[in-house]
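A.B. asks: All I have is the shape, not the residue letters:
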């Protein structure tokens with residue numbers, strides 16, 4: 001397992017900084033010779049020895065069960081600035097480990113997988129959605145930008161401007177749409193997950209993709225909830241700036257574009273501009289560089305009296321859903337500030 005210096009992460013990381021912290025709980029299930037099976041509960045703790053065992057013992061694949069919970073279920077006292085930064089900088093190495101793991105990782109997404117927990121499965125080779133799956137990158141709703149190398153992965157894995165659309169609107173996708181949009185690789189009814197798990201865990205060197213394909217329930221003629229808007233989405237979100245995107249949506253003047261404008265109107269102007277710039281920059285970057293950049297941006301945005309603090313107040317603590325963004329308009333967010341977020 002690589003350490004911080006080998007990854008050449010930003011100097012903001014202290015040399016004695018532990019790789020992981022108590023936010024993601026990974027523990028072995030069963031005593032299997034050919035597989036190290038892990039369960040990830042996205043709000044709890046991780047232990048170094050389990051990740052070391054993952055590297056040393058997984059012979060065929062690693063199976064992850066992603067069952068994130070609603071953020072309202074998390075104790076509110078943990079949602080302070082220092083704790084949020086602590087979670088962010090510890091998560092970077094986990095994403096790197098999953099994203100560069102040599103054996104196939106299969107994620108069974110049974111429930112919520114929002115933000116950071118989406119990063120856990122999206123870095124792996126295979127992911128299985130069910131009718132209970134809901135995933136997305138809602139960070140802009142609380143004054144941040146998507147993390148986990150999202151902008152890099154979206155441009156690598158998703159078609160057209162879908163990734164930018166999801167990043168700027170904070171919209172989530174559910175059920176089979178997670179597969180149809182390309183976020184998940186397979187779709188299976190949740191009632192069949194035990195069968196899928198048993199087949200994957202069976203002794204021998206079975207073809208992982210073939211097993212998943214056999215259980216995949218997707219109708220080859222089905223279309224996602226966004227498919228009929230693909231042309232409009234790609235045209236509008238190809239704008240050179242957030243202002244250009246908004247103008248294109250206004251020019252489109254359809255029921256769909258008006259709905260998107262209402263979504264964007266709720267988002268922090270600062271988050272919109274910083275997220276758009278990150279998307280542009282990460283097109284040129286590899287995974288490690290993208291993770292480093294997003295970590296620095298998160299640190300610079302998670303400060304007192306920031307849109308992040310206000311977003312958490314409005315969306316999670318007070319739940320009045322009426323954030324007072326500062327600055328309140330796009331034209332007041334300077335290019336200098338956007339650039340400084342990356343430094």
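C.D. replies: Everything's here; your move. Just so we're clear, the structure is a prediction, and the values are computed from it rather than from any experiment.

A.B. asks: And the helix or strand residue 250 falls within, what's buried?
C.D. replies: Assigned by DSSP states H and E, residue 250 belongs to helix 242-252. By neighbour count on 16 or more other C-beta atoms under 10 Å, the buried set for helix 242-252 is 242, 245-246, 248-249, 252. No exception for glycine: its C-beta is placed from N, CA and C like everyone else's.

A.B. asks: wait, which of those is closest to residue 154?
C.D. replies: Nearest to residue 154 among the buried residues of helix 242-252: residue 245, at 15.6 Å, using C-beta to C-beta.

A.B. asks: Just the pLDDT at residue 194, thanks.
C.D. replies: On pLDDT, residue 194 comes in at 88.

A.B. asks: Repeat that for residue 220.
C.D. replies: We have a pLDDT of 79 for residue 220.

A.B. asks: Now it, what are its backbone angles?
C.D. replies: For residue 220, the backbone dihedrals (degrees, to the nearest 10) come out as phi -60, psi -20.

A.B. asks: coming back round to it: quick one: residues in contact with the helix holding residue 250.
C.D. replies: Contact with helix 242-252 is made by 168, 232, 235-239, 257-258, 260-261, 264, 269, 272-273, 276, 330-331, as judged by C-beta atoms under 8 Å, 6 or more residues apart in numbering.

A.B. asks: again, only this time at 7 Å
C.D. replies: 232, 235-237, 239, 257, 260-261, 264, 272-273, 276, 330 (C-beta atoms under 7 Å, 6 or more residues apart in numbering).

A.B. asks: helices or strands up against the strand or helix carrying residue 213?
C.D. replies: Using DSSP H and E, the element containing residue 213 is helix 208-215. Helices and strands touching helix 208-215, by 3 or more C-beta pairs under 7 Å, 6 or more residues apart in numbering; DSSP states H and E, are strand 126-129, helix 193-201.

A.B. asks: Which helix or strand lies directly C-terminal to the first one?
C.D. replies: Counting by DSSP H and E, the element after strand 126-129 in chain order, helix or strand, is strand 134-136.

A.B. asks: Pull up the pairing partners for that following strand, direction included.
C.D. replies: According to DSSP bridges, strand 134-136 forms sheet pairs with strand 112-114 (parallel), strand 172-174 (antiparallel).
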